[in-house]
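S.K.: have a look; sequence and predicted model below, questions after that.
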Amino acid sequence: MLHRAGKEFMVRIRFCWQPLFQGRYLLLTNTVSGGGMLGLGDILQQTRETYKDPARVRDWSRTGRMFLVGCSLGPAMHFWYNWLDRVFVGKAIRTVVKKVLVDQVIASQALGVWYFVGMSVMEGHTLSDGWEEFKSKFWEFLMADWCVWPAAQMINFYFLAPKYRVVYVNTITLGWDTYLSYLRHRDHSQPSKLVSDSSTEDVEQETLPQSKPLKE
């Protein structure tokens, strides 16, 4: 009896989520999952930051910006993988390797620029500011990217059906999204620290008694 009830429950669950990966709902699923995972990655990174510095205040507007950028990346990845699967058909190892190489050379760099420029613009900076930040962090971004994505995309292109590609990427890269939040906002906390340090030095200098001139 319990076995039958469990089986019926799983069928209902499958019936509920299956439409999310079909037709027009697939684009919506990819968009929301992209924003949700990037936002969650920022929440985890801010939790780490507040743990290291309890005086630090959580910035929900920053998480909101991460969510919006993630939502904008979702459709880009949706159409990118559709194009990639049309051009490189099949799951032969040679075909999968070609997909991974093209994805690394084109999509990885383009989405990286999109992320940094998008975050910069939503923070009130210019497009050139975002581009300059991307260039300054390019090699660090690229090295981390090469450590994660080639293996992850080999699994994606070899084992998964095309409709699950974006959700897989958005889910498995929660750690990557946390790293992106760290890389993007790492330098932002340093100026405030420097200011606080300099202000502390000023206070200390003000509190020190002035030395009296020596009498001859």
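M.R.: Received the coordinates, thanks. Note that the coordinates shown come from a computational prediction; the quantities given were computed from them, not determined experimentally.
S.K.: for burial, what's the neighbour tally of the spatially closest residue to Leu127 that is not a sequence neighbour?
M.R.: Closest residue in space to Leu127, ignoring its immediate chain neighbours: Val117 at 5.9 Å, by Cβ to Cβ, 6 or more residues apart in numbering. C-betas here are computed from N, CA, C, even on glycine. Per other Cβ atoms under 10 Å, the neighbour tally for Val117 reads 21.
S.K.: whichever strand or helix holds Val117 - what's its average pLDDT?
M.R.: Per DSSP states H and E, Val117 falls inside helix 108-122. On average, the pLDDT along helix 108-122 is 93.
S.K.: that older thread, how about the contacts made by the residue nearest to Leu127?
M.R.: Leu127, Gly130, Trp131, Phe134 (Cβ atoms under 8 Å, 6 or more residues apart in numbering).
S.K.: narrow these to those in helices?
M.R.: Leu127, Gly130, Trp131, Phe134 (DSSP state H).
S.K.: so how far is Ser120 from the first one?
M.R.: Spelled out, that is Leu127. 7 Å (Cβ to Cβ, to the nearest Å).
S.K.: what's the answer for the third one, then?
M.R.: Trp131 sits 8 Å away from Ser120, going by Cβ to Cβ.
S.K.: neighbour count winner among those two?
M.R.: Between Trp131 and Ser120, counted using other Cβ under 10 Å, Ser120 has the larger neighbour count: 21 against 14.
S.K.: skip the chain neighbours and tell me the closest residue to that one.
M.R.: Gly130 (3.1 Å).
S.K.: pretty sure that neighbour sits against Gly118.
M.R.: Yes: here Gly130 reaches Gly118: they are 7.3 Å apart, a contact under Cβ atoms under 8 Å.
S.K.: those two: which is more packed in?
M.R.: Gly130 (22 against 19).
S.K.: which ones are touching that one?
M.R.: Gly130 sits in contact with Val113, Phe116, Val117, Gly118, Met119, Ser120, Val121, where contact means Cβ under 8 Å, 6+ apart.
S.K.: go with 10 Å
M.R.: Applying Cβ atoms under 10 Å, 6 or more residues apart in numbering to Gly130 gives the contacts Val113, Trp114, Tyr115, Phe116, Val117, Gly118, Met119, Ser120, Val121, Met122, Glu123, Arg184.
S.K.: ok, how many other residues are close to Val32?
M.R.: 17.
S.K.: among the contacts of Gly130, name the buried ones.
M.R.: For the contacts of Gly130, a neighbour count by 16 or more other Cβ atoms under 10 Å gives the buried set as Trp114, Tyr115, Phe116, Val117, Gly118, Met119, Ser120, Met122, Arg184.
S.K.: read off the pLDDT value for Asn170.
M.R.: Looking at Asn170, the pLDDT reads 82.
S.K.: does it belong to a helix or a strand, and which?
M.R.: helix 165-172.
S.K.: so after that helix, what's the next helix or strand?
M.R.: Note on helix 165-172: by DSSP H and E, the next helix or strand toward the C-terminus is helix 174-185.
S.K.: compute the inter-axis angle for whichever strand or helix holds Leu40 and helix 108-122.
M.R.: Element membership for Leu40, per DSSP H and E: helix 23-52. In terms of direction (axes from the mean of the first three to the mean of the last three Cα atoms, to 10 degrees), helix 23-52 departs from helix 108-122 by 70 degrees.
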